[in-house]
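Participant: Okay, predicted coordinates and the sequence, questions at the end:
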Amino acid sequence: MTATRFEIEKFDSETNFNLWQVRMMAILIQSGLKKEVLMEKTSSALWKRLETLYATKSLANRLVLKQLLFTFRMNECELLRDHISQFITILNDLKNVEVHIDDEDQAMLLLCSLPPSYKSFRETLIYGRDKLSFEDVKGHLLSRDKLDNELHLDSKTNRQASVLVASKKRDKRCRYCKKLGHVKADCYKLRNKRAAESNEEDVAGANLADENGDDFLLVSTSDNTKLTSEWILDSGCSFHMCPNREWFSTYNSVEGGVVRMGNDSSSKVISIGTVKIKMHDGTIRTLSDVRYIPDLRKNLIL
C-alpha cells in the first residue's frame, strides 16, 4: 500500500488563511497527527501535552534513573567537566519523572562519584561545615580544574625549556662534583651542602629539590621573610594554602576551619582570601580561595 502524498501551497499574505488552515489540519490528521494534541496553540503547550501522553514515569523508569545516579562514578582518565555535565543530565532526567533529589544530597553524591585522587579534596571541603550545596561543590571543582589546566600548561612549557637548556649543558662538566651534564652553579650536591651548613630547613626542602623529585612552582617576591617565598605544587592538597598574611590582597576571617595535613596533624584556618603571584613568564595570576594557615612553613598550590 503506497502512502498518499498531499501538496499544499506555502502560506503567504495573499492566501486565504482560514481555508489554508483547514487544509493543513486535514493533512496533519491524515499524516498521523494525534487528535489529543491537535488543539494546542503554542509549542510549549504542545510539548507539555506530549510529555503527559508519552513520557515514561513508571516505577521501573524511576528505579533505573536512581540506580544510575547512585552508582555514577568518574574514571581517573575522564575529564572533570564532562563528568559534571553527565551528572547534571541524570538529575534533569530524574526531575522530568518527578523525582526530587535534595540539594545537599546532590552535592554529596557528586563528591562520592569522584575517583580516589580527590579524597583529600573531598575531606577538606566537608570538614567543619554545617551545610553544603551542589553549586558550591561544582564551583570548587571547576575552579580546581581550571587552575590544574593552567599549571599543567605552564609546567609543560617549563619542561620544554629545560630540555633545551639541558641539551646545551650536556657536554659540560661540573667543577665541584666532576660529573657531566651541568655546571657548578647548577650543582645540587653543592647547593645541598650550602643549605645544610646554613641550617635553612624549610627553605632547603623547597629550593633544593632533587632532579628526580617532585615538581615545584617558583614565585619571585621581594619579601625576605623567614618564610619561604616559593609555592610548592602539591596535587594532594585540596586548596591553595599560604602562611604569609601580608601577601593577601583580600582577606575574610573564618571560624572553625581546620585543614588535615599529610602527617595526619591538623592546622587551623584563620581566613580565606586571594593572593597574586608572578609566574615564570612574568604574568600575574590571582589565586582565589587561598587558606591563610600560620602554622605552615611553605606555600602550597593545588
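Facilitator: Alright, I've got the coordinates.
Participant: How far does stretch 275-291 stretch from one end to the other?
Facilitator: In stretch 275-291, first residue to last residue: 10 Å (Cα to Cα, to the nearest Å).
Participant: How about residue 290, nearest residue that isn't a chain neighbour?
Facilitator: Nearest non-adjacent residue to residue 290, counting by Cβ to Cβ, 6 or more residues apart in numbering: residue 240, 4.3 Å away. No exception for glycine: its C-beta is placed from N, CA and C like everyone else's.
Participant: That neighbour: what's it in contact with?
Facilitator: 275, 287, 289-291, 299-302 (Cβ atoms under 8 Å, 6 or more residues apart in numbering).
Participant: go on, residue 144?
Facilitator: Residue 144 makes contact with 121, 238, 302 under the criterion Cβ under 8 Å, 6+ apart.
Participant: Redo those residues as TSV? Include pLDDT, secondary structure and neighbour count.
Facilitator: Supplementary listing: the contacts of residue 144 in TSV, determined by pLDDT from 0 to 100; DSSP: H, G, I helix; E, B strand; the rest coil; neighbours: other Cβ atoms under 10 Å:
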residue	pLDDT	secondary structure	neighbour count
121	83	helix	21
238	74	coil	22
302	73	coil	20
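Participant: helix, strand or coil for residue 189?
Facilitator: At residue 189 the chain is in helix, as set by DSSP: H, G, I helix; E, B strand; the rest coil.
Participant: Chain neighbours aside, what residue packs nearest to it?
Facilitator: Taking Cβ to Cβ, 6+ apart, and ignoring the residues beside it in sequence, residue 189 has residue 177 as its nearest neighbour in space, at 4.9 Å.
Participant: where does that neighbour fall, helix, sheet strand or coil?
Facilitator: Of the three states, residue 177 takes coil under three-state DSSP.
Participant: Now that it has come up, it's in contact with residue 191, right?
Facilitator: No. With contacts counted by Cβ atoms under 8 Å, residue 177 stays clear of residue 191, the gap being 10.9 Å.
Participant: What mean pLDDT does stretch 78-95 get?
Facilitator: Taken as a whole, stretch 78-95 carries a mean pLDDT of 92.
Participant: Tell me the buried residues in that stretch?
Facilitator: For stretch 78-95, the neighbour count (16 or more other Cβ atoms under 10 Å) marks 80, 83-84, 87, 90-91, 94 as buried.
Participant: do stretch 105-120 as well
Facilitator: Within stretch 105-120, the residues that qualify as buried are 106-111, 113-114, 118, 120, counting by 16+ other Cβ under 10 Å.
Participant: for the residues you listed, which one is nearest residue 67?
Facilitator: Lowest distance from residue 67 to the buried residues of stretch 105-120 (Cβ to Cβ) belongs to residue 109, with 12.4 Å.
Participant: So the closest one versus residue 275, what's the distance?
Facilitator: Residue 109 sits 32 Å away from residue 275, going by Cβ to Cβ, to the nearest Å.
Participant: that older thread, need the contacts of residue 240 in a markdown table (columns: secondary structure and distance to residue 49).
Facilitator: Rendered in a markdown table, the data for those read as follows (DSSP: H, G, I helix; E, B strand; the rest coil; distance: Cβ to Cβ, whole Å):
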| residue | secondary structure | distance to residue 49 |
| --- | --- | --- |
| 275 | strand | 55 |
| 287 | strand | 51 |
| 289 | strand | 47 |
| 290 | strand | 52 |
| 291 | strand | 53 |
| 299 | strand | 60 |
| 300 | strand | 56 |
| 301 | strand | 54 |
| 302 | coil | 50 |
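Participant: What are the boundaries of the helices in this structure?
Facilitator: 17-30, 43-54, 59-70, 80-96, 103-112, 119-126, 134-169, 188-198, 201-207 (DSSP state H).
Participant: Compare those and report which one is nearest to residue 266.
Facilitator: Closest of the helices of the chain to residue 266 is helix 119-126, at 10.7 Å (criterion: Cβ to Cβ).
Participant: JSON lines for the contacts of residue 144, including distance to residue 73?
Facilitator: Shown next, in JSON lines, are the contacts of residue 144 (distance: Cβ to Cβ, whole Å):
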{"residue": "121", "distance to residue 73": "16"}
{"residue": "238", "distance to residue 73": "19"}
{"residue": "302", "distance to residue 73": "22"}
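Participant: out of these, who's nearest residue 267?
Facilitator: Nearest to residue 267 among the contacts of residue 144, counting by Cβ to Cβ, is residue 238 at 13.2 Å.
Participant: wait, what's in contact with the closest one?
Facilitator: By Cβ under 8 Å, 6+ apart, the residues touching residue 238 are 120-125, 144, 302.
Participant: give me phi/psi at it?
Facilitator: Its backbone dihedrals place residue 238 at phi -100, psi -20, with angles given as degrees, to the nearest 10.
Participant: Please consider this matter closed, and thank you.
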